[in-house]
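> what's the 3D shape of this:
(2 chains)
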Amino acid sequence: MLKTDIVAVLEDIAELLELKGENPFKVRAYQSGARALEAMEEELGDVIADDRLGKIKGIGKALVEKITTLHETGELEYYDKLRDSVPASMIELLTIPNLGPKKIKKLHDALGIDSIDSLRAACEAGKVAEIPGFGAKTEEKLLSGIANREAYQARHHWWEAAAVAEPIVEGLRELPEVQRAESAGSLRRMRETVGDLDFIVASTDPKPVMDWFVGLEEMVEVTAHGQTKSSVRFHGGLQADLRVVPPEQFAFALLHFTGSKDHNVRMRQRALERGWSLSEWGLFDKDSKPEDPDRQSVIVAESEEEIYAKLDMKWVPPELREDRGEIEVGAKGSFPQLVEVEDIVGVFHNHTTASDGRNTLEEMTAAAEALGLEYLGIADHSKASFQASGLEEERLTAQIEKIRALNASGKFKCHVFAGSEVDILKDGSLDFDNDMLAQLDYVVASVHNALTLTEEEMTARIIRAIENEHVTMLGHMTGRLLLRREPYAVNVGKVIDAAIANNTIIELNANPWRLDMDWRHWKAASEKGLLCAINPDAHDTDGLALFVAGVNVARKGWLEPRHILNCRPLAEVKQYFGVE
DNA sequence: GCCGTTTTCGGCCCGACTGTTTTCAGTCG
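Numbering: from 1, shown residues only, chains lettered A, B, ... in the order given. Modelled structure (predicted):
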């Protein structure tokens, strides 16, 4: 069984145990075991063979056995028995807001409810309100939760969530009662998708701030409205939480609600080791109680830096707060200088009206120049992508000449590189022959069809393309479309190794719906010597600016300017491409 | 189920909000 499937089994087990009312820490152990396995870069088969699985933090004796059995046989008796003991339709009940394992168990014991359908029927018949601990309001909330389940569960692309959040933060900052306001949560951590928005505000007068927030025009439902916290749902299901705290607690609240949960757990452990307890309210003596009116924070912190410093750490950039090594690095010393938007001086992989773009070569060049870019790489589709009006040899040759003439004309300061996004055909050969490819300044090779090959076939196909001496970079490695299409089966580790061995770049496709190759792979890959290009894959002039989304996730992948080709000035890029 | 220079047993992050309660359990993040 493949690693990704084993991860899914472990997550399944955690859910089933949760439903059965098992020890929550056991549930967490399966969840963190699943995460540890997921984050493991090496080949699972190798790790098992070397007897190193149990050395990974979060994977103990029991999980080593279960993972090994699943890897070798694809089956696990423990899992099968567990599944047989819980109706599959019950797992779905966990996706309803305000419904957790305890209530589900009560519903099952009292009314035999084992699915969303039977729950809906029981609510509509008024039977749920009769169960002790439940009431009319709960019944109402459950029905609304069932009705809006899909919208509530939906995650949102970072780019879109940011567009919603930005005006709200601005609006909060303009309120006279507000001293400071920030977005926190996965939005601040630059996750590729965002579940809900978190706003943290410093104010000594929370009420008007809360009232402004729950009165926002886009709001359709207020789900909480308390002393320090309000929650609303916007049209489309996006949820937003606002927390208003006294100014002296702002840094603690911002740290806490930025997360991630795993990062917070590590930070709190660190505090405990030093005799303190860390929460969103401050850093307190370990043995003090929240209800104690005299409780005082051990430090006054204006900023997150001061909290980290008190725990003997450097400030951790929010993008890195995923418990993927940042605690250890922050405790030892400084973080690398992560790439910033200003470091990007040019962009490759962009389309024009010659294939499926919506702006001409000149319009794209003008737009790149307006963005202050030194160079623009054009890479229209090749002929196999006929659905995208891919260029055949004659049209590509003409485009190359046009680009050379445009550069020679001196009309723009922005230099244009002539490239192609050439299709990787099913067998790994390319859509143009080497003579054609040799005339280009650079070549992006991408898979656009036959997406259902086996992992072995797809990996071999892509590696064959990487091995072609004319291929400069690999486009959108897994073909994923976030929240819409899963990545195709490909062994990412082997592709990375092949790219390094052949001096081929792997692109970080910056389209907010792709962000491919995934940020989780970049740290280890760049340490091994992989070079990155942050490519907007722009199909119109507005699309050029999408490289910003790529910079966000590049930072999540610990990338520095030295790891990224388009942080290099024009002359160096020309040299890299071997062109004049 | 995991983990350990205070540990191989007894912990495991902490607190707000809601609803249904007469003091708290459940859920969420």
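> what residues are up against A:G145?
A:I96, A:P97, A:N98, A:L99, A:Y152 (C-beta atoms under 8 Å, 6 or more residues apart in numbering). Yep, even glycine has a C-beta here, placed from its N, CA and C like the rest.
> run a quick neighbour tally on the residue of the stretch 451-580 of chain A found nearest DNA strand B.
Using C-beta to the nearest atom of the strand, the single residue of the stretch 451-580 of chain A nearest to DNA strand B is A:L483, 17.5 Å away. Number of residues near A:L483 (other C-beta atoms under 10 Å) recorded here: 12.
> so it, which state does it fall into?
coil (DSSP: H, G, I helix; E, B strand; the rest coil).
> for chain A, which spans come out with low pLDDT?
Applying pLDDT under 70 to chain A picks out residues A:290-291, A:293.
> quick check, central residue of it?
A:E192 (3.0 Å; C-alpha atoms, centre = their mean).
> give me the phi and psi for the nearest residue to that one once chain neighbours are set aside.
In this structure, A:E192 finds its nearest non-sequential neighbour in A:L515, 4.8 Å apart by C-beta to C-beta, 6 or more residues apart in numbering. Torsion angles at A:L515 (phi, psi; degrees, to the nearest 10) stand at phi 50, psi 60.
> from what I can see A:L515 touches A:N509, true?
Yes. Between A:L515 and A:N509 there is a contact at 6.8 Å, judged by C-beta atoms under 8 Å.
> who touches both of the two?
Contact criterion C-beta under 8 Å, 6+ apart; residues shared by A:L515 and A:N509: A:G550.
> hang on, A:L278 in a strand?
Yes. Counting by three-state DSSP, A:L278 is part of a strand.
> got phi/psi on the residue nearest to it when sequence neighbours are not counted?
Nearest in space to A:L278, with sequence neighbours left out and distances taken as C-beta to C-beta, 6+ apart, is A:A271 at 3.8 Å. Per-residue torsions, A:A271: phi -70, psi -40 (degrees, to the nearest 10).
> does A:A271 touch A:S277 like I think?
Yes. Counting by C-beta under 8 Å, A:A271 touches A:S277, with 6.1 Å between them.
> mutual contacts of these two, please.
Joint contacts of A:A271 and A:S277 (C-beta under 8 Å, 6+ apart) are A:L283.
> kindly export stretch A:370-390 (C-alpha atoms) in CSV.
Extracted in CSV, the C-alpha atoms of stretch A:370-390 (Å, rounded to 0.1, in the frame of the first residue of the first chain):
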residue,chain,number,x,y,z
ALA,A,370,4.9,48.3,-15.4
LEU,A,371,5.5,45.8,-12.6
GLY,A,372,9.1,46.8,-12.6
LEU,A,373,10.3,43.4,-13.9
GLU,A,374,13.7,43.1,-15.7
TYR,A,375,12.6,40.2,-17.9
LEU,A,376,9.6,38.3,-19.0
GLY,A,377,9.6,34.7,-20.2
ILE,A,378,7.0,33.7,-22.8
ALA,A,379,6.1,30.0,-22.9
ASP,A,380,3.0,29.3,-25.0
HIS,A,381,1.6,25.8,-25.3
SER,A,382,2.8,23.4,-27.9
LYS,A,383,0.8,21.7,-30.6
ALA,A,384,-0.3,18.7,-28.6
SER,A,385,-2.4,21.0,-26.4
PHE,A,386,-4.7,21.7,-29.3
GLN,A,387,-7.5,22.6,-26.9
ALA,A,388,-5.3,25.6,-25.9
SER,A,389,-4.4,26.5,-29.5
GLY,A,390,-0.9,25.1,-29.0
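> tell me the residue of the stretch 201-350 of chain A that sits nearest DNA strand B?
Closest contact between the stretch 201-350 of chain A and DNA strand B, by C-beta to the nearest atom of the strand, is at A:G226 (2.8 Å).
> what do you get for chain A?
Closest point on chain A to DNA strand B, by C-beta to the nearest atom of the strand, is A:G135, at 1.9 Å.
> now the closest residue to that residue other than its chain neighbours: how far from A:E15?
Setting aside the residues directly before and after it, A:G135 is nearest to A:A129 in space (C-beta to C-beta, 6+ apart), at 5.6 Å. Distance from A:A129 to A:E15, counting by C-beta to C-beta, to the nearest Å: 27 Å.
> and for A:M90?
In this structure, A:M90 and A:E15 are 10 Å apart, going by C-beta to C-beta.
> please say which of these two ends up with more neighbours.
The residue with more neighbours, out of A:M90 and A:E15, is A:M90; 23 against 18, by other C-beta under 10 Å.
> residues near the closest residue to the more buried one other than its chain neighbours, how many?
Nearest non-adjacent residue to A:M90, counting by C-beta to C-beta, 6+ apart: A:D114, 5.1 Å away. A:D114: 18 surrounding residues under other C-beta under 10 Å.
> tell me the contacts of A:D114?
A:P87, A:S89, A:M90, A:H108.
> same deal with A:V422?
A:S382, A:L430, A:D431, A:F432, A:L437, A:V443, A:V444, A:A445, A:S446, A:V471.
> now for the residues you listed: which two are most distant?
A:L437 and A:S446 (13.9 Å; C-beta to C-beta).
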